[in-house]
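Engineer: Coordinates for the following, if possible.
(2 chains)
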2 protein chains.
Amino acid sequence: MTPIGNLKPTIKIYDTTLRDGTQGEGVSLSADDKVKIALRLDKMGFHYIEGGWPGSNPKDMEFFDRIKKHQLKNAVITAFGSTCRPGVEPGQDANLKCLLDSGVKLATIFGKSWDFHVTKALNTTLEENLRMVEESVAFLKGNGLRVFFDAEHFFDGFKANEEYALAVLRAAVLGGAEAVILCDTNGGSMPFEIQQAVEQVAAELPGVELGIHAHNDSEMAVANSIMAVQAGVTQVQGTVNGLGERCGNANLCSIVPNLALKLGYTTIPRDNLSFLTELSRFVYEITNLNPVANQPFVGESAFAHKGGIHVSALMKEPGTYEHMDPASVGNVRRVLMSELSGLSNLLYKYKGLNLDKTSPEGRKVLEQLKKMEHKGYQFEAAEGSLELMLRKAMNGYREPFQLQSMRLILEVREQQPIHSEAVIKMRVGEEIVHTAAEGNGPVNALDNALRKALETIYPEVAALRLLDYKVRVLEEKAGTEAQVRVLIETGNGKETWGTVGVSTNIIEASWQALADSMAYGLLGEK
Amino acid sequence: MTPIGNLKPTIKIYDTTLRDGTQGEGVSLSADDKVKIALRLDKMGFHYIEGGWPGSNPKDMEFFDRIKKHQLKNAVITAFGSTCRPGVEPGQDANLKCLLDSGVKLATIFGKSWDFHVTKALNTTLEENLRMVEESVAFLKGNGLRVFFDAEHFFDGFKANEEYALAVLRAAVLGGAEAVILCDTNGGSMPFEIQQAVEQVAAELPGVELGIHAHNDSEMAVANSIMAVQAGVTQVQGTVNGLGERCGNANLCSIVPNLALKLGYTTIPRDNLSFLTELSRFVYEITNLNPVANQPFVGESAFAHKGGIHVSALMKEPGTYEHMDPASVGNVRRVLMSELSGLSNLLYKYKGLNLDKTSPEGRKVLEQLKKMEHKGYQFEAAEGSLELMLRKAMNGYREPFQLQSMRLILEVREQQPIHSEAVIKMRVGEEIVHTAAEGNGPVNALDNALRKALETIYPEVAALRLLDYKVRVLEEKAGTEAQVRVLIETGNGKETWGTVGVSTNIIEASWQALADSMAYGLLGEK
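Structural biologist: So this is what the prediction gives:
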């Protein structure tokens, strides 16, 4: 795919998930989390990993201590900080001292390049700011560090006072900065503005390595980063999944495939692109955020087709409704079931079940599907429940068990921890089983009791593992009387499947999804 | 703010939330939902509202019937469809007939403009496709409709066979199309490609009104739409919140403020922009999707500041870290509490509580905050719990009630519906209250019992309303043993507040959040 004799420059990927990413709402990482993410980024072949701002909080310093014990293959760890303060010599500045103490070989320091910020936020003179930039960079260089300079608010500064913004960049270069990074800190710039400014800077500072650091406040961070590369920058700063303050930083999960697969630049090793989806989900998991389903390239819906017309075209030729092969970024094509989808989707999905377009079972399931979706069920992530429904509609399927009665008791007494107990009575195969179990919560107690009831007749339940449990409140404005939808993901070591339950009662919804998860797992080899 | 003597053209906003938006994963709208959204879009001053694809499903036809009964102020309702099929006369085509039957005055039909699609997906000749386009447009025109033509896959087609792609546009114009819309159907194009192609089309088809319809598969839909406008299109198609198939359509909630507030174009009436955030949340509510917190312009985090350094600069001058005034799009500035935030944020937030930088209470709360965040608590949406914690740390606050014991029983018997009952014993003021209540789920039963226990001493609980109840499973991979975080939003008609609880037991977490929600509501006039 790479053009032969490619003369495009290598674009260095600079990740700041561990620093700017943690400024995002709801993002909080322990030192241990940070080490895990850094090792993964290194494995992916990212060029620079900004680990934190030593001195701003104790966790960041702990990260720098711990990451030293690992031998990285590809990435250089960097520490972030600011120039010295107004009126202070670099050698006397606590912040710069922390950068030296962190033990990194490369530091990125930011300074003001917007005159308004120099006078309003720093309360100092334009001249003094130039001194701070040049001397701070020179101080770190003199102490043996490589230095990058982040020109904060560069594009706003360039619009307000072009000459001064350029003077700040020149001060950093004079101090010895190896690269200057143009930051759209407030995220307000348009792609054509970025392009024009970068072209002009490249002309004014020939031979200086330039970078881009964009924020997404105008939904332009990815476009602005790409336009900057087209205009001459060779370093792109961003975060995994675009995490970051306010609307986030530029999303490396979109920038890297755009650069590598669409524009033919060399970035991270080409083979590693197929781990991009995995990287995205790994970072969501560690940061404990819900993945964004419709996220470009790596989202669960990124290659999910719902319109019946799309699906029938895709069956002929995938290129008709996909801009690229999902496998190139480690993602997969999905076909969604819904009232819009028509029979094409059902047929594509259950090729193995011998349904055809005129099949009465197929039509019956589609009808039932529409009714259940209306009630709040959603089968897009619950293909286990969908297949059970399909099998029930076809002849020859008998449910492996059936609930007869159930009682859940949760009790708190004085200062004691809460106690949860489930009692169930059910038909299992041909027998009636009556049993009970405790758990650390109502659903866990129910899960334990269900497994206990099943295991004598179906010992294979021991291999089933609940992998994920999600609760979604529907019609949220109704408060605690609202409908809830429970989605459960279960695996047996070989495959995983999703099941769903819906009720105003969270316990009932959980029971439905749990029961389906076990029933599907007991289908045996399919 | 609008430049005097503005010579920029008016950009018409064409909304397809009700058609292309419903192709998004998890999006399903009833005819009633569609009417509600259409009326809201009309009120906002959108120029065109695409209501659906009559004939593709019964709900869409029902929408067109119902919307006729409303007098719209600004918008023209359009119906979507395709050209006639290969080898079929427009007068004999069922799909075109449905467009006439829908009773709209303006139809948008799509046709193929990529040669590969004509031969691969339609299985017909390039010549026949030109006939289909021209005759279908002419047929609708002849029946008294205004017609827009969506050139599907235009940018891919233009790359593959420029001459043919232009011939398709010319056929539509020849048939009488009032505007031709260039679609990046697979979402794979880069902003500079869009700009070049639009400039070339504008030169080849002088005087023809052009539109853009972009998808977000490369995270470029907003940038591509803006670049197309800069290159000469005067109609922008998109959806509220960027809903749509795969990675979604171009997000009108970002495009409209970029055009109007940053680039000085006339779009919807300027005053209506301040309802943009409300529109975004309204559509999330109707589609029953979780709002995207870091969504540009309208997201809850869009103007949320976490870094202590940002907050102290903002206290001096909001322009330092905001690209625009949040109020101009109906959003608000927020200051977040977290371990990164430092005392500046706490002071900004609780100006009224007489804390100062050296206050031991402030530091104590900040310490406790860090510990609780570590356990999984999050106060960014639970300021009620945060303020209670702060008040407990200060002298003179006594909790209005305290739980002594609680028992919850959930029971299913044979085919009966599930029965939920809560029994609680607690200190309320100086009394011990022991009472019980039922509910349609465990949390509802608990809520009812708590209110019953409180109401004799605190009759004001009757005015408190639970507005929202959210459950988030933390460490999701642990299955049903995972920690859950419950967030509750409560209101008293004058203000609303959020509270939080965290436990492995969903009932315990719900209880914590419920108890805080009532305790905060009983604080009285603050």
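Engineer: per-residue confidence for A:Ala519?
Structural biologist: Note on A:Ala519: pLDDT of 94.
Engineer: separation between it and A:Met372?
Structural biologist: 16 Å (Cβ to Cβ, to the nearest Å). From N, CA and C alone the C-beta is placed, and that goes for glycine too.
Engineer: Residue ranges in the stretch 251-400 of chain A under the pLDDT threshold?
Structural biologist: Counting by pLDDT under 70, the low-confidence segments of the stretch 251-400 of chain A come to A:288, A:307-309, A:337-358, A:370, A:374, A:380-381, A:395.
Engineer: if we can go back for a sec, tell me which of A:Ala519 and A:Met372 has more neighbours.
Structural biologist: The neighbour comparison of A:Ala519 against A:Met372 (other Cβ atoms under 10 Å in any protein chain shown) goes to A:Ala519, with 21 against 17.
Engineer: In contact with the more buried one: list those residues for me.
Structural biologist: Contacts for A:Ala519 were tallied using Cβ atoms under 8 Å, 6 or more residues apart in numbering or on different chains; they are A:Leu388, A:Glu399, A:Pro400, A:Phe401.
Engineer: And those, which of them are buried?
Structural biologist: A:Leu388, A:Pro400, A:Phe401 (16 or more other Cβ atoms under 10 Å in any protein chain shown).
Engineer: Just the closest of those residues to chain B, please.
Structural biologist: A:Phe401 (14.5 Å; Cβ to the nearest Cβ).
Engineer: any chance of the contacts of A:Ala519 in TSV, with secondary structure too?
Structural biologist: Output for those, formatted as TSV (DSSP: H, G, I helix; E, B strand; the rest coil):
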residue	secondary structure
A:Leu388	helix
A:Glu399	coil
A:Pro400	coil
A:Phe401	strand
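Engineer: With distance to B:Cys247 as added columns, please give those in JSON lines.
Structural biologist: Putting those into JSON lines (distance: Cβ to Cβ, whole Å) gives the following:
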{"residue": "A:Leu388", "distance to B:Cys247": "31"}
{"residue": "A:Glu399", "distance to B:Cys247": "39"}
{"residue": "A:Pro400", "distance to B:Cys247": "40"}
{"residue": "A:Phe401", "distance to B:Cys247": "41"}
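Engineer: out of those, who's near chain B?
Structural biologist: When contact is defined as Cβ under 8 Å from any Cβ of the partner chain, those do not meet chain B at all.
Engineer: so which pair among these is furthest apart in space?
Structural biologist: Taking Cβ to Cβ as the measure, the contacts of A:Ala519 reach their widest spread between A:Leu388 and A:Phe401, a distance of 12.5 Å.
Engineer: Name all residues that make contact with the closest residue to chain B within the stretch 1-150 of chain A.
Structural biologist: Across the stretch 1-150 of chain A, the shortest distance to chain B (Cβ to the nearest Cβ) belongs to A:Glu25, at 4.1 Å. Counting by Cβ under 8 Å, 6+ apart, A:Glu25 makes contact with B:Ala293, B:Asn294, B:Glu300, B:Ser301, B:Ala304, B:Lys306, B:Leu336, B:Glu380.
Engineer: Report the separation between the second one and chain A.
Structural biologist: Yep, that's B:Asn294 we're talking about. Applying Cβ to the nearest Cβ, to the nearest Å, the value for B:Asn294 to chain A is 5 Å.
Engineer: One more: the fourth one?
Structural biologist: Distance, B:Ser301 to chain A, by Cβ to the nearest Cβ: 4 Å.
Engineer: Surely that residue and A:Cys247 touch.
Structural biologist: Yes. The pair B:Ser301 / A:Cys247 is scored as a contact, 7.1 Å apart, by Cβ atoms under 8 Å.
Engineer: who's more crowded, those two?
Structural biologist: The neighbour count for B:Ser301 versus A:Cys247, taken as other Cβ under 10 Å, is higher for A:Cys247 (27 against 23).
Engineer: so when I look at that one, I'm seeing a strand, right?
Structural biologist: No. A:Cys247 is assigned coil when assessed by three-state DSSP, not a strand.
Engineer: surely it meets B:Gln295?
Structural biologist: Yes. Applying Cβ under 8 Å, one finds A:Cys247 in contact with B:Gln295, separated by 7.0 Å.
Engineer: Now do the shared contacts for the two.
Structural biologist: Common neighbours of A:Cys247 and B:Gln295, counting by Cβ under 8 Å, 6+ apart, are B:Ala302.
Engineer: Strands of the stretch 251-400 of chain A, residue ranges please.
Structural biologist: A:304-305, A:334-335 (DSSP state E, counting those that start in this stretch).
Engineer: same deal with the stretch 401-526 of chain A?
Structural biologist: A:401-413, A:419-428, A:431-439, A:465-473, A:484-491, A:496-503.
Engineer: Find the nearest non-adjacent residue to A:Glu323, please.
Structural biologist: Rather than Glu, residue A:323 is His. Nearest residue to A:His323, sequence neighbours excluded (Cβ to Cβ, 6 or more residues apart in numbering or on different chains): B:Gly188, at 2.9 Å.
Engineer: Which of the three states applies to A:Ile212?
Structural biologist: Per three-state DSSP, A:Ile212 ends up strand.
Engineer: Look through the stretch 251-400 of chain A and state the residue closest to chain B.
Structural biologist: In the stretch 251-400 of chain A, the residue that lies nearest chain B is A:His323 (2.9 Å; Cβ to the nearest Cβ).
Engineer: I'd like to check which residues are in contact with that residue.
Structural biologist: B:Asn186, B:Gly187, B:Gly188, B:Asp217, B:Ser218.
Engineer: hang on, isn't the second one packed against B:Ala223?
Structural biologist: No. Under the contact definition of Cβ under 8 Å, B:Gly187 does not touch B:Ala223, with a separation of 11.8 Å.
Engineer: of the two, who's got more company?
Structural biologist: The neighbour comparison of B:Gly187 against B:Ala223 (other Cβ under 10 Å) goes to B:Ala223, with 33 against 29.
Engineer: need the residues of the stretch 251-400 of chain A near chain B, please.
Structural biologist: A:251, A:254, A:258, A:262-263, A:285, A:288, A:290, A:292-297, A:299-307, A:310, A:313, A:316-317, A:319-324, A:336, A:338-340, A:373, A:378, A:380.
Engineer: low-scoring pLDDT stretches of chain A, where are they?
Structural biologist: Using pLDDT under 70, the flagged stretches of chain A are A:1-6, A:288, A:307-309, A:337-358, A:370, A:374, A:380-381, A:395, A:474-482, A:525-526.
Engineer: swap the cut-off to 50 and go again
Structural biologist: Filtered on pLDDT under 50, chain A yields the residue ranges A:1-5, A:339-340, A:476-478, A:525-526.
Engineer: Quick check: residues of the stretch 51-200 of chain A near chain B?
Structural biologist: A:56-57, A:116-117, A:120-121, A:185-188, A:190-192.
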